[in-house]
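**Q** can't give you the sequence, but here's the structure:
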């Protein structure tokens, strides 16, 4: 049996409600119509718009399911191609899967400084293109105050795809808003500790869930996963430690996802009721221990406030 994720239309979601009931409580939420007012929602799906801005850019594309725990496997299933050729191919209606895992959007000078060498395109030209996409096309979230800088992941990442599939994974340290700029996706989620117990074994084996036998799927089903369809123009709030896998709702479908990462509440990362917090503390380098101890103190002070854990 699957659980249902709460959903609220963007016009009915206040900043206080989102902060207290979902972000601070580490609870997922489907926000209907969250990005339909953005220029990106209208323009990025148009065949010539992104191609003109990024035509010379050489991108690393994937053609098999992404196994987050095994970067070597993902690299062996990839190829480099010019963006214009890639964009034409994912729009041509063929059935074979193809996607770019992530392109960074650049909102600030600091974002631009972190850009490494760009293949096939002058770095200044790339920065100008990605900055214009960010500043001109990406709007605000009415339910969200200015977010805290992400701790680990790039703040904004674009995913372009046809027939893509991303296997089970979690985000640590940073909350994510998965925004559907074009196309629909089905997301299956497992609550933090249930996911940790079931999915960690895949990480240790460096294997895709698609390679597992029926007993694995039965175990996932018995854990009462959450399933949700994120439609074109919606956003899904994915808190830290929530394991999830993602796929388009239709075969042979072209789509664009924009992921926004921002810091999760310190009380969550410091709460040892989460198996993920325990693991992070054990594996963290020495220089990170003071910050994690501070998070631990905050978690203890706020322990009585509600959290989604199991």
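**A** Yep, it's here. Everything numeric here is computed off the predicted structure, so don't read it as measured data.
**Q** Where does pLDDT dip in the chain?
**A** Under the criterion of pLDDT under 70, the regions of the chain flagged as low confidence span 1, 65-77, 93-95, 117-119, 252, 304, 306-307, 309-310.
**Q** just the strands in it please.
**A** 3-4, 7-9, 29-32, 58-62, 78-82, 98-104, 156-162, 166-169, 174-182, 185-190, 226-230, 235-238, 243-248, 254-263 (DSSP state E).
**Q** Could you identify which of these is most buried?
**A** Here the criterion is mean neighbour count by mean count of other C-beta atoms under 10 Å, and of those the winner is strand 235-238, at a mean of 25. Using the backbone N, CA and C atoms, a C-beta is placed for each residue, glycine as well.
**Q** For it, which helices and strands make contact with it?
**A** Judged by 3 or more C-beta pairs under 8 Å, 6 or more residues apart in numbering; DSSP states H and E, strand 235-238 is in contact with strand 29-32, strand 174-182, strand 185-190.
**Q** and with 7 Å instead?
**A** Under the contact definition 3 or more C-beta pairs under 7 Å, 6 or more residues apart in numbering; DSSP states H and E, strand 235-238 sits against strand 29-32, strand 174-182.
**Q** closest to residue 127 out of the strands of the chain?
**A** In terms of C-beta to C-beta, the element of those nearest to residue 127 is strand 98-104, at 10.0 Å.
**Q** Give me the sheet partners of that closest one and which way each runs.
**A** strand 58-62 (antiparallel), strand 156-162 (antiparallel) (DSSP bridges).
**Q** Quick one, which of those gets closest to residue 141.
**A** Taking C-beta to C-beta as the criterion, strand 156-162 is the member of those that comes nearest to residue 141, at 12.3 Å.
**Q** what residues does the closest one touch?
**A** Contact partners of strand 156-162, identified using C-beta atoms under 7 Å, 6 or more residues apart in numbering, comprise 90, 97-105, 107, 134, 252-260.
**Q** one more time with 8 Å
**A** Among residues not part of strand 156-162, those counted as contacts by C-beta atoms under 8 Å, 6 or more residues apart in numbering are 50, 86-87, 89-91, 94, 97-105, 107, 133-134, 138, 248, 252-261.
**Q** what distance separates it from the centre of its chain?
**A** Computed by C-alpha atoms, centre = their mean, to the nearest Å, the chain-centroid distance of strand 156-162 equals 10 Å.
**Q** again, but for stretch 230-249
**A** Centroid separation between stretch 230-249 and its chain, computed with C-alpha atoms, centre = their mean, is 7 Å.
**Q** Against residue 22, how distant is residue 8?
**A** In this structure, residue 8 and residue 22 are 9 Å apart, going by C-beta to C-beta, to the nearest Å.
**Q** which neighbours do those two share?
**A** Shared contacts of residue 8 and residue 22, defined by C-beta under 8 Å, 6+ apart, comprise residue 29.
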